[in-house]
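[1] Predicted coordinates and the sequence they were generated for:
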Amino acid sequence: MTLRFLLRNLLAQAAKVAAKKLGVALPNGFVARVDYTPNIKLGHYATPVAMELAKVFKKSPRQIAESILDALDKSYFTKVEIAGAGFINLTFSTKTLSNAVSFPSVGKWLKNVQGEIESEKIIFEYVSANPTGPMNIVSARAASVGDSLTRTLKAAGCDVWREYYVNDFGNQVEMLGLSFAYRYLQKFVPVELPENCYQGEYIKDYLEKILTDEKTPDAILLTKERIDTLDKSAWFLEAGKYFAPLGVRAILTDQQKDLKTFRAEFDQFFSEASLHQKGAVLEIAEKLKVKGKIKSEDGAQVFLSTEYGDDKDRVVVRSDGRPTYLLADIAYHHNKVERGFKRIVDIWGPDHHGYIARLAGALKALGFENFKVIIAQQVNLLENGEPVVMSKRLGKFQTMRDLIEKIPVDVCRYFFVVRSLGTHLDFDLTLALDQSKKNPVYYIQYAHARIHSIAREVDFGLTKPLELERVIGAGRLYEFFEREELFLFLLRFPEVVQDIARNYEIQRLPEYLYQTATLFTAFYHGKNNRIKDVLQSNPDEGFALLALCAFTAQVLETGLSFLGISAPKEM
RNA sequence: GCCCUCGUAGCUCAGUGGAUAGAGCGUUGGUCUCCGAAGCCAUGUGCACAGGUUCGAUUCCUGUCGAGGGCGCCA
């Protein structure tokens, strides 16, 4: 059990008793709010519950606080007091702390407290870059956040599935095929690439690969002799159809390779084309029609998304009978519902926010409401302080692979998760490299490596079971503030994980780890914490300090692993 | 024009309705006879503005101003 969970239960009981005694009723669904104190000298936790209840109870916060304290089981605490406007500050006893931390490892500890938060079957979709070119920098941001978030959610006990939607169907795939055809033809005669084709040089590279790897059918194959008699329009049609799927496959393969390098994992790559083949796309239009949410307009079928807060109704089936992208996306999300997911979360780029209302509306029309979209704001990529121009069509853009090649994955991933997704991110490549030695991610890794260095010095195995009762007892925790502060901060780790699982704000984890590293470094520099010396003068105390180090190392390593960042033992 | 996101220190940004609003970078000055100095210590006139809700607002609501993005039978 986490200390916070324990405290909430104790406070809920006490509030109930207090309410009864005061002759008032607690609000329905009352949950005592528990915060950390601004300074652990005030106590381990604080609750503003007396102030919150002041209005309902029509009593002064102080009076309520006193009633709650009267009813509180004080055997868990060494100190409880009322402070300020009516805060209740609580300090747990050594015994309570010992009970809370009796586990062999941080991993086991996390497993142990998994039952404290609700878990439902949940699907996360992120990145989902179009298979028409290399991934850009926003994809890298989404990959970092999506991957780190889902790893953390899993650790908190959530049942998470991670998916990448592949838009391998529709106009843009046709344009991709055509782009290949033009590049192929260009090898023989000068023709200009149409404006709406993909302009990037990468098409040429993929083309060469396809021409080498695959046996080009005679109908497509070009030779010097054939050019003169070629029926170009017929050939383009055939060649476009031929190259499109091969191009998609080649590009997707490279995307997957980059994601793997980036340590971003997925459980499944879901093909849009597979939905069309099954007929699931047009089928969903029928379902919406049955619900009365489709109207006909100029021969097209239009979803009444304005009923769900959208600006205008949206075409889902074109007048020529072809479905729009939106309809496929509705079918895809409905497919997620059919697979039994109780919560659907998508991370989208900033250019898609206008799309939320119509998709959420369609899901609502189909009876599903637990749908959440997180918008990853744009990344302004800077080089030497100057913005890097990104344009897929002009072929001038910074790819995710460029980024990985320039900057270590550990640093990239840290930079992307340390800022909340809602803010526009300035990512200065030059700065990221120039400052690399002072980079926060190295600071965290360094603290971890330093602990291993200490362990090597004194020949102590950091992987053996944590003996944290010993830290509290023999560690003389309350005599040295750096020890106590570090220890109590480490105890918050599962609570931080739980918070992230609830609010999806992954940036709290790197911040927590950074602060953990800071507290450890302060501890390390404390004159009284020189482990080699303490082991000489008082072996019990020395081993207690080593246990505290091992605890720190495990928290850092585990936390970094959620972020997909390595935890080196030496640097 | 409509919609979305954002506005916190010189810069980049944390901050779950609570106590004295924090961190990194930058600046300036200290600091290794030492388990790792990639370190540590010191150094700050800051919540865009105006209303509202609340016992309490940087946080929630409304408006103004400013920055970015989105408004297709493209995906």
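    That came through, no problem. Numbering: from 1, shown residues only, chains lettered A, B, ... in the order given.

[2] tell me which residues in stretch A:435-446 are buried?
    A:N439, A:P440, A:V441, A:Y442, A:I444, A:Q445 (16 or more other C-beta atoms under 10 Å). For glycine as for every other residue, the C-beta is placed from the backbone atoms N, C-alpha and C.

[3] where's the dip in pLDDT among the residues you listed?
    The member of these with the lowest pLDDT is A:N439, at 86.

[4] Do a quick rundown of the strands in the stretch 351-500 of chain A.
    Using DSSP state E, counting those that start in this stretch, the strands of the stretch 351-500 of chain A run over A:371-375, A:379-383, A:386-387, A:425-428.

[5] what's the least confident stretch among these?
    Of all those, mean pLDDT reaches its minimum on strand A:386-387 (a mean of 70).

[6] neighbouring contacts of it?
    A:N380, A:L381 (C-beta atoms under 8 Å, 6 or more residues apart in numbering).

[7] what lines up beside it in the sheet?
    strand A:379-383 (antiparallel) (DSSP bridges).

[8] if we can go back for a sec, can you list the strands of the stretch 351-500 of chain A in CSV and add mean neighbour count?
    CSV is the format used below for the strands of the stretch 351-500 of chain A (neighbours: other C-beta atoms under 10 Å):
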stretch, mean neighbour count
strand A:371-375, 17
strand A:379-383, 18
strand A:386-387, 10
strand A:425-428, 18
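
[9] between the ones you listed, which one is nearest to A:G354?
    With C-beta to C-beta, the closest approach to A:G354 among the strands of the stretch 351-500 of chain A belongs to strand A:371-375: 10.5 Å.

[10] can I assume A:A46 is in contact with A:I88?
    Yes - applying C-beta atoms under 8 Å, one finds A:A46 in contact with A:I88, separated by 6.7 Å.

[11] the more surrounded of the two?
    For A:A46 versus A:I88, neighbours defined as other C-beta atoms under 10 Å are more numerous around A:I88 (28 against 20).

[12] Quick one: low-confidence residue ranges for chain A.
    Applying pLDDT under 70 to chain A picks out residues A:388-397.

[13] let's see 80
    Residue ranges of chain A with pLDDT under 80: A:28-29, A:381-398, A:430-431, A:434-435, A:437-438.

[14] In three-state terms, label the residue nearest the centre of it for me.
    Centrality entry for chain A: nearest residue to the mean C-alpha point is A:L149, 2.6 Å, by C-alpha atoms, centre = their mean. Secondary structure, DSSP: H, G, I helix; E, B strand; the rest coil: A:L149 is helix.

[15] How about the one 4 residues further on?
    Each residue gets one of three states, and A:L153 gets helix by three-state DSSP.

[16] hang on, isn't it packed against A:D499?
    No - at 11.5 Å, A:L153 and A:D499 do not qualify as touching, with contact defined as C-beta under 8 Å.

[17] circling back to that earlier point, from the buried residues of stretch A:435-446, which ones fall inside helices?
    Judged by DSSP state H, helices contain the following of the buried residues of stretch A:435-446: A:P440, A:V441, A:Y442, A:I444, A:Q445.

[18] a markdown table for these, including distance to RNA strand B?
    Listed next are those as a markdown table, based on distance: C-beta to the nearest atom of the strand, whole Å:
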| residue | distance to RNA strand B |
| --- | --- |
| A:P440 | 6 |
| A:V441 | 10 |
| A:Y442 | 4 |
| A:I444 | 10 |
| A:Q445 | 8 |
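
[19] Okay, domains of chain A per the record?
    A:3-98, A:171-261, A:439-562 (automatic domain parsing).

[20] now, which of the buried residues of stretch A:435-446 sits nearest A:A517?
    Of all the buried residues of stretch A:435-446, A:A517 sits closest to A:I444, with 4.5 Å by C-beta to C-beta.

[21] Just to check, that closest one is in contact with A:Q515?
    No - when contacts are counted by C-beta under 8 Å, A:I444 is not listed as touching A:Q515 (9.8 Å).

[22] Please list the residues of the stretch 251-400 of chain A that sit near RNA strand B.
    Residues of the stretch 251-400 of chain A lying close to RNA strand B by C-beta under 7 Å from any atom of the strand are A:272, A:297-300, A:311-312, A:314-315, A:318-320, A:324-326, A:350-355, A:375, A:377-378.

[23] Could you pick out the longest helix of chain A?
    helix A:232-261.

[24] What residues does the stretch 101-250 of chain A have near RNA strand B?
    Taking C-beta under 7 Å from any atom of the strand as the test, the list of the stretch 101-250 of chain A residues beside RNA strand B reads A:N130, A:N167, A:F169, A:G170, A:N171, A:Q172.

[25] And the helices in the stretch 301-450 of chain A?
    Counting by DSSP state H, counting those that start in this stretch, the stretch 301-450 of chain A has helices at residues A:325-338, A:356-365, A:400-406, A:409-418, A:429-434, A:440-458.

[26] So which bits of the shortest one are buried?
    To tie it back to what came earlier, the one meant is helix A:429-434. So helix A:429-434, judged by 16+ other C-beta under 10 Å, has buried residues A:L429, A:L431, A:A432.

[27] I'd say the first one and A:N380 touch.
    No - using C-beta under 8 Å, A:L429 is not in contact with A:N380; the gap is 11.3 Å.

[28] give the contact list for the residue of the stretch 1-150 of chain A found nearest RNA strand B.
    Nearest residue of the stretch 1-150 of chain A to RNA strand B: A:A46, at 2.8 Å (C-beta to the nearest atom of the strand). Contacts for A:A46 (C-beta under 8 Å, 6+ apart) come out as A:V34, A:D35, A:Y36, A:T37, A:A83, A:F87, A:I88, A:N89, A:L90.

[29] Report the beta-bridge partners for it.
    Here A:A46, judged by DSSP bridges, has bridge partners A:D35, A:N89.

[30] picking that back up, could you look up the next helix or strand downstream of the longest helix of chain A?
    strand A:268-271 (DSSP states H and E).

[31] Which strands border that following strand, and is each parallel or antiparallel?
    Neighbouring strands of strand A:268-271 in its sheet, by DSSP bridges, are strand A:159-166 (parallel).

[32] what's the angle from the next helix or strand after the partner strand to helix A:232-261?
    Later in the chain than strand A:159-166, the nearest helix or strand by DSSP H and E is helix A:171-186. Computed by axes from the mean of the first three to the mean of the last three C-alpha atoms, to 10 degrees, the angle separating helix A:171-186 from helix A:232-261 equals 110 degrees.

[33] Need the contact partners of the helix or strand just after helix A:171-186.
    Going down the chain from helix A:171-186, the next helix or strand is helix A:202-213, by DSSP H and E. The contact list for helix A:202-213 (C-beta under 8 Å, 6+ apart) reads A:G133, A:P134, A:S179, A:F180, A:R183, A:Y184, A:F243, A:L246, A:G247, A:A250, A:I251, A:G395.

[34] On the three-state scheme, the second one is what?
    The reference is to A:P134. Assigned with three-state DSSP, A:P134 falls in the coil class.

[35] which residues are contacting stretch A:73-87?
    A:6, A:10, A:13-14, A:42-43, A:46-48, A:50-51, A:54, A:60-62, A:64-66, A:69, A:72, A:88-94, A:96.

[36] quick one: which of these sit in helices?
    Going by DSSP H, the helices hold A:6, A:10, A:13-14, A:50-51, A:54, A:61-62, A:64-66, A:69, A:94, A:96 from the contacts of stretch A:73-87.

[37] Identify, from those, the entry nearest to A:T399.
    Ranked by distance to A:T399 (C-beta to C-beta), the ones in helices among the contacts of stretch A:73-87 are led by A:L6 at 49.2 Å.

[38] surely that closest one meets A:S93?
    No - taking contacts as C-beta under 8 Å, A:L6 lies outside contact range of A:S93: 11.9 Å.

[39] When those two are compared, which one has more neighbours?
    Between A:L6 and A:S93, counting by other C-beta under 10 Å, A:L6 is the more crowded of the two (18 against 15).
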